[in-house]
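A structural model of the following input is requested.
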Amino acid sequence: MADFSRLVVPKAAKTVVENQQQKESVYWRSFKSPVFLKSYAPITHVHFSPSHPHRYVVTSGTRLQIYSPKTNRVVKTIARFKETATSGEIRTDGKLCVAGDEGGLVQVFDINSRAILRTIRAHKQAVHTTKFSPGPGTQILTTSSDTTVRLFDLSTSAPLRTFSSHSDYVRTASFVPSSPSLIFSGGYDSTVRLWDARVPDSEGSGCVWIGRHGKPVDQVLVGEQGTMAVSAGGPILRVWDLLGASTSRSSGAGAVMEGGDDAATGKEEEEVDTGTAYCLKALSNHQKSIMALCWAEAENGEKRVLSGGLDGLVKVYDPQENWRVRHTMRYGGQVMSLAVSPNNSHLVAGLSDGSLSIRTRAGVGRKAGVPVESVTPSYDAILAGMGHGGVVYSGKQAGEGLRATFEGETKVTKERRKKLSEWDRMLKNFRYGDALDSVMRRDVTPATAFALMEELIRRDGLAIALANRTDVSLEPVLSFLVKHITDPRYCVLAADVASVLIDIYTPTLGLSPLIDTLFTRLRRKLDDELDFHRELTMVQGALDMVFASSAQPRA
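Residues are numbered from 1 along each chain as shown. Reported below is the predicted structural model:
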């Protein structure tokens with residue numbers, strides 16, 4: 001005996017936006033085969049080397065660990081800090097690494113020898129940001145809990161500039177890549193500030209613009225062109241127009257008054273209000289604070305912004321499409337740091353519980369015709385069932401594969417049959433009226449209801465399902481038709497069902513005021529739809545005449 005065929009609900013055609021969303025999600029799902037490595041302390045920062053082979057440094061506890069992207073294993077460990085290390089970053093050439101610590105120390109290391117090349121003790125409190133300047137990296141940018149942003153010369157360790165207009169901890173800062181003399185910073189005073197190192201100390205503090213974020217700022221990100229920046233504070237993400245902010249100084253809108261912070265107090269409040277005008281977008285897609293921001297490239301080469309938060313989510317934003325969220329990834333803990341490799345082969349996230357999640361994208365960097373190097377699995381992996389061409393087990397399944405190997409058993413799983421839905425069970429028992437009533441609920445989609453009606457027509461059971469109804473049982477069907485009779489997706493089928501209803505219940509009109517009212521509403525809605533189509537036809541005819549006359553050559 002053949003199995004009962006369940007009701008098939010056709011899927012609606014996807015729009016162009018939905019197709020793009022699905023394509024984007026497929027690309028980000030290609031970052032799979034996650035590797036989880038455990039550390040003894042939260043992973044507060046991850047940074048990829050811009051130069052090949054794109055090794056990445058992970059900051060956790062009192063040490064920096066340099067990982068190889070080919071093996072995802074530690075190749076160098078730098079443990080030269082007595083306090084908790086912060087913000088380890090690799091220079092553009094991949095030879096030097098800089099990091100700070102919570103004691104205010106900044107150190108520069110040679111990655112190959114792990115030797116300390118420079119030691120800077122200018123900050124009085126914890127250092128939160130350390131960055132090399134773009135290009136040759138001859139300068140070092142730092143931020144600290146002592147409310148200052150500082151620039152140092154790498155060759156001499158001499159301080160070049162000190163920016164001290166922030167009134168609370170400065171948690172983050174970044175060079176503007178297109179103009180390294182500009183620095184964008186954010187602090188716990190809930191402001192973001194743009195600094196210009198070319199402004200002499202005698203003319204002011206160097207702050208050329210101030211914007212109000214509204215929450216303590218934990219991360220900032222600057223675009224490659226230097227025209228746009230992103231700040232993250234609390235669950236809010238703000239996009240700023242740096243081009244307008246940097247040019248506002250020439251008109252006096254963003255100039256800081258001379259005489260230090262005390263003399264500029266009243267002016268700064270005015271600047272904050274003015275700076276709000278340069279906020280292009282404010283987003284709140286996270287439930288908790290955003291702790292990590294990074295740039296990445298999509299499959300088509302367009303830029304994307306990734307944000308990671310304490311809610312365990314990583315969001316992918318499209319700056320070209322009004323900062324639409326293209327994809328969401330879920331992690332098992334609070335995301336503290338995030339980075340994507342320059343060749344888009346690795347997505348690395350650091351969590352607050354010390355877990356390092358490494359996701360790789362298969363096929364990146366492989367040349368056509370070059371065989372993939374085979375990797376010999378470990379003994380434990382072989383016992384767990386992971387051999388050449390075998391099945392990969394994880395978690396509980398790995399233990400089951402291990403036991404099956406020793407016992408010589410093969411575990412056969414029985415496929416579970418899915419339970420029939422309520423309307424499928426009633427169709428199976430030829431209860432057509434009850435099946436129709438079961439899809440008239442609010443929690444059932446219109447597509448399912450019309451699919452059932454189409455199935456009843458195919459079975460010659462629509463008239464049976466609609467006949468012999470009271471006004472109470474007929475009301476949901478009529479209300480459903482009144483609601484969807486003008487929907488282009490269902491109008492033809494809805495008109496057929498309405499025609500059957502009219503044929504059955506015309507002799508009973510006048511007996512129930514409720515049913516009479518619904519039939520009247522159905523007639524009025526159809527009349528309005530027909531009038532609307534007539535107007536559209538008239539407009540189309542007028543437009544055809546205009547286009548035809550404009551296409552004729554002029555004498």
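
doesn't residue 452 lie inside a helix?
Yes - checked against DSSP: H, G, I helix; E, B strand; the rest coil, residue 452 lies within a helix.

next up, phi/psi of the residue nearest to it when sequence neighbours are not counted, please.
Distance criterion CB to CB, 6 or more residues apart in numbering; nearest residue to residue 452, sequence neighbours excluded, is residue 439 at 5.0 Å. All C-beta spots, glycine's among them, are computed from the backbone N, C-alpha and C. Backbone torsions for residue 439, taken as degrees, to the nearest 10, come to phi -100, psi 0.

from memory residue 439 sits against residue 447, does it?
No - when contacts are counted by CB atoms under 8 Å, residue 439 is not listed as touching residue 447 (10.1 Å).

of those two, who's got more company?
Taking other CB atoms under 10 Å, residue 439 and residue 447 do not tie; residue 439 has more neighbours (22 against 14).

check contacts around the more buried one.
When contacts are counted by CB atoms under 8 Å, 6 or more residues apart in numbering, residue 439 is found next to 423, 448, 449, 452.

could you do residue 98 as well?
By CB under 8 Å, 6+ apart, the residues touching residue 98 are 88, 89, 91, 106, 107, 108, 109, 130, 131, 132, 140.

surely it is in a strand?
Yes - Residue 98 sits within a strand when classified using three-state DSSP.

per-residue confidence for it?
With respect to pLDDT, residue 98 has a value of 96.

distance of it relative to residue 45?
Noted for residue 98: a distance of 11 Å to residue 45, by CB to CB, to the nearest Å.

need the residues touching each of the two.
Common neighbours of residue 98 and residue 45 (CB under 8 Å, 6+ apart) are 88, 89.

how about low-confidence regions in the chain?
1-3, 12-18, 202-204, 245-277, 363-417, 553-555 (pLDDT under 70).

want to throw the contacts of residue 98 into a markdown table with secondary structure, neighbour count and distance to residue 200?
Below are these laid out as a markdown table (DSSP: H, G, I helix; E, B strand; the rest coil; neighbours: other CB atoms under 10 Å; distance: CB to CB, whole Å):
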| residue | secondary structure | neighbour count | distance to residue 200 |
| --- | --- | --- | --- |
| 88 | strand | 27 | 33 |
| 89 | strand | 23 | 29 |
| 91 | coil | 22 | 28 |
| 106 | strand | 24 | 25 |
| 107 | strand | 23 | 30 |
| 108 | strand | 21 | 28 |
| 109 | strand | 24 | 33 |
| 130 | strand | 27 | 25 |
| 131 | strand | 21 | 23 |
| 132 | strand | 23 | 24 |
| 140 | strand | 25 | 21 |
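
include distance to residue 484 when you put these into a markdown table, please.
Below are the contacts of residue 98 laid out as a markdown table (distance: CB to CB, whole Å):
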| residue | distance to residue 484 |
| --- | --- |
| 88 | 60 |
| 89 | 58 |
| 91 | 63 |
| 106 | 67 |
| 107 | 69 |
| 108 | 68 |
| 109 | 68 |
| 130 | 61 |
| 131 | 58 |
| 132 | 62 |
| 140 | 65 |
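
buried stuff in the longest helix anywhere in the chain?
Ranked by residue count and defined by DSSP state H, the top helix of the chain is helix 513-551. Across helix 513-551, burial judged by 16 or more other CB atoms under 10 Å covers 515, 518, 519, 521, 522, 526.

could you pull out the strands for the stretch 51-200 of the chain?
Secondary structure of the stretch 51-200 of the chain (DSSP state E, counting those that start in this stretch): strands located at 56-60, 63-68, 73-78, 85-90, 96-101, 106-110, 116-120, 127-132, 139-144, 149-153, 159-163, 170-176, 179-187, 191-196.

export the last one as CSV, just CAs?
This means strand 191-196. Extracted C-alpha coordinates of strand 191-196, given in CSV (Å, rounded to 0.1, in the frame of the first residue of the first chain):
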residue,chain,number,x,y,z
THR,A,191,32.3,60.7,22.3
VAL,A,192,34.3,60.1,19.2
ARG,A,193,37.0,62.6,18.2
LEU,A,194,39.0,63.4,15.2
TRP,A,195,42.6,64.5,15.8
ASP,A,196,45.0,66.2,13.4
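
re earlier: are any of the contacts of residue 439 buried, and if so which?
Here, 16+ other CB under 10 Å leaves 423, 449, 452 buried among the contacts of residue 439.

surely the first one forms part of a helix?
Yes - residue assignment for residue 423, taken from three-state DSSP, places it within a helix.

these two touch, right, it and residue 452?
Yes - with contacts counted by CB under 8 Å, residue 423 reaches residue 452, the gap being 5.7 Å.
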